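A.B. asks: quick one, what's the 3D model for this:
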Amino acid sequence: MRPWGRVQLRRLAKLGTGHTPSRQHPEYWENCTIPWLTLADVWQLRDGTKQVITETSERISELGLANSAAVLHPAGTVALSRTASVGFACILGRDMATSQDFATWTCGPRLLPRFVLWALRGTIDEIVATTMGSTHKTIYMPDIQEIAIPLPRVETQVAIADFLDSETARIDALVGKKRRMIDLARERVCAVADAVLWSDVDREIPLMHAVQIHRPVMYGIVLPGPDVGEGGIAIVKGGDVGAGLSLDRLARTTAEIERPYARARLRPDDVLFAIRGGVGDAAIVPPELEGANITQDVARVAPAAEFASEWVLHVLRSETFQRRAKELVRGATITGLNIRDLERIRIPWAERARQEADLRMLRPVTVTSDNLQHRLQRQIDLLREHRRALISAAVTGQLDTAKVAA
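C.D. replies: Numbers count the residues shown, from 1 in each chain. So this is what the prediction gives:
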């Protein structure tokens, strides 16, 4: 099948963007009824499974809309984040405005919004390659104007969008099942750890009494900015803790952003605990992450000399500790665990000999579980790679979707 020619999106769709009404006019922020897409809504798009956004975290008023450069875009408009969290695309599910952090395309008769969405996602690597800036990445409007996508006939666009809707849903369902299997494997280890670690406990202490005096329980960088790639300082985010701490998986920030948070830098055998973005995930810092840092979504627990890091890890993963931590989670839209609350959660006190005995009982179960989780995560990674390749091949005409679907 011959790939189609490409056309600049702005030639077949009305290019637009958004704006933020002045915060210096409180009256612009009263009686807010208009959905307003901002970077705070990007979380809905990060895993790539959501296409249409109908609800936003913020709204603006009709007065604010009328007295700013904000525009009310019609439902069906395609939006792409172009600053900070760059490259996340969606379709507006209802009439709404956007912040200036988004570019928008309202499609003409020769473009199907669903196809445009898939085309943007299928060519996102080359789009993101145009970003500029070291601290806050941005695709500037002159580069937005140059974005081009393949242009098959409308009926072909419909067929491709239908095909990708179906195939990606199937892949996403498989990924979901494998994630559930990983969760079940972790839950079994947590249950076993609970039975071993909390049996015959004579004394409990706050977690803060089990860490090094000069390295208290703490979180790290509040605003790490976008990933600056090679040459930056590796940072562990909340979602990274449960996915396995590997240097090549981590985003990086600049030395200027990281420097004020030097006290949160990591050393081998520190234990990390996610306090947002997967609350409860825990992992030991491997040697390759020495000198890396963490974000505000992660707590660093640096065990004191009398506590084995591996034993502390099992305590943090145990059902009892997890239950106590989850009871302290606060927040509505973005939930999280406060450091002050975390460090006061009580854990078992055990002599080093008891810790070693506990670990001898737990290691066989842990090794079996870790091996299973590693295999499942590898399968998830391969499915994601296949998904990306499928989207790219379909929207560029390298894949005859009609034959594959048949």
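
A.B. asks: which residues touch the nearest residue to residue 304 once chain neighbours are set aside?
C.D. replies: In space, and not counting its chain neighbours, residue 304 is closest to residue 212: 5.4 Å by CB to CB, 6 or more residues apart in numbering. Placement of C-beta: from N, CA and C, glycine included. Residue 212 makes contacts with 302, 303, 304, 305, as judged by CB atoms under 8 Å, 6 or more residues apart in numbering.

A.B. asks: need the max-distance pair from the residues you listed.
C.D. replies: 302 and 305 (10.5 Å; CB to CB).

A.B. asks: those two - which one has more neighbours?
C.D. replies: Set side by side, residue 302 and residue 305 show more neighbours around residue 302, with 22 against 7, by other CB atoms under 10 Å.

A.B. asks: ok now do the more buried one, which residues does it touch?
C.D. replies: Contacts of residue 302 (CB under 8 Å, 6+ apart): 211, 212, 215, 267, 270, 271.

A.B. asks: residue ranges of the helices in this structure, please?
C.D. replies: Taking DSSP state H, the helices of the chain run over residues 62-66, 113-122, 124-128, 141-146, 154-197, 238-243, 255-258, 309-317, 319-326, 339-342, 352-395, 401-405.

A.B. asks: any low-confidence regions in the chain?
C.D. replies: Residues of the chain meeting the criterion pLDDT under 70: 1-3, 130-136, 332-334, 402-406.

A.B. asks: one more time with 50, if that's ok
C.D. replies: 135 (pLDDT under 50).

A.B. asks: what about the longest strand in it?
C.D. replies: Scanning the chain for the strand with the most residues, using DSSP state E, yields strand 102-107.

A.B. asks: and that one, which strands flank it?
C.D. replies: strand 13-16 (antiparallel), strand 78-81 (antiparallel) (DSSP bridges).

A.B. asks: possible to save the helices of the chain as JSON lines with distance to residue 86 and mean neighbour count?
C.D. replies: Below are those laid out as JSON lines (distance: least, CB to CB, whole Å; neighbours: other CB atoms under 10 Å):
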{"stretch": "helix 62-66", "distance to residue 86": "25", "mean neighbour count": "17"}
{"stretch": "helix 113-122", "distance to residue 86": "12", "mean neighbour count": "24"}
{"stretch": "helix 124-128", "distance to residue 86": "6", "mean neighbour count": "15"}
{"stretch": "helix 141-146", "distance to residue 86": "11", "mean neighbour count": "14"}
{"stretch": "helix 154-197", "distance to residue 86": "21", "mean neighbour count": "16"}
{"stretch": "helix 238-243", "distance to residue 86": "18", "mean neighbour count": "21"}
{"stretch": "helix 255-258", "distance to residue 86": "17", "mean neighbour count": "16"}
{"stretch": "helix 309-317", "distance to residue 86": "34", "mean neighbour count": "23"}
{"stretch": "helix 319-326", "distance to residue 86": "33", "mean neighbour count": "18"}
{"stretch": "helix 339-342", "distance to residue 86": "30", "mean neighbour count": "16"}
{"stretch": "helix 352-395", "distance to residue 86": "17", "mean neighbour count": "15"}
{"stretch": "helix 401-405", "distance to residue 86": "28", "mean neighbour count": "13"}
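
A.B. asks: among these, which is nearest residue 220?
C.D. replies: Closest approach to residue 220 among the helices of the chain is made by helix 255-258 (8.5 Å; CB to CB).

A.B. asks: and the residue most central in space within the chain, what does it touch?
C.D. replies: Nearest to the mean C-alpha position of the chain, by CA atoms, centre = their mean, lies residue 46 at 5.6 Å. With contacts defined as CB under 8 Å, 6+ apart, residue 46 is in contact with residue 88.

A.B. asks: any idea how far it lies from residue 173?
C.D. replies: Distance from residue 46 to residue 173, counting by CB to CB, to the nearest Å: 18 Å.

A.B. asks: over to residue 25?
C.D. replies: 47 Å.

A.B. asks: with residue 376 instead?
C.D. replies: Distance, residue 376 to residue 173, using CB to CB: 15 Å.

A.B. asks: again, but for residue 312
C.D. replies: Residue 312 is 37 Å from residue 173, by CB to CB.

A.B. asks: equivalent analysis for residue 124, please.
C.D. replies: Distance of residue 124 to residue 173, given as CB to CB: 23 Å.

A.B. asks: which residues does the closest residue to residue 252 other than its chain neighbours contact?
C.D. replies: Using CB to CB, 6+ apart and skipping the chain neighbours, the partner closest in space to residue 252 is residue 232 (2.9 Å). By CB under 8 Å, 6+ apart, the residues touching residue 232 are 252, 253, 254, 255.

A.B. asks: tally of neighbours for residue 253?
C.D. replies: Residue 253 has 23 neighbours, counted by other CB under 10 Å.

A.B. asks: which residues does the closest residue to it other than its chain neighbours contact?
C.D. replies: If the residues on either side of it in the chain are set aside, residue 253 comes closest to residue 224, at 4.4 Å by CB to CB, 6+ apart. Each residue near residue 224 by CB under 8 Å, 6+ apart is listed here: 235, 237, 251, 253, 257, 258, 295.

A.B. asks: tell me how far the residue in the chain sticking out farthest from the centre lies from residue 354.
C.D. replies: Distance from the centre of the chain peaks at residue 202, with 40.5 Å (CA atoms, centre = their mean). Distance check for residue 202 against residue 354: by CB to CB, it reads 10 Å.

A.B. asks: for residue 57, same thing?
C.D. replies: 48 Å.

A.B. asks: for residue 369, same thing?
C.D. replies: Counting by CB to CB, the gap from residue 369 to residue 354 is 22 Å.
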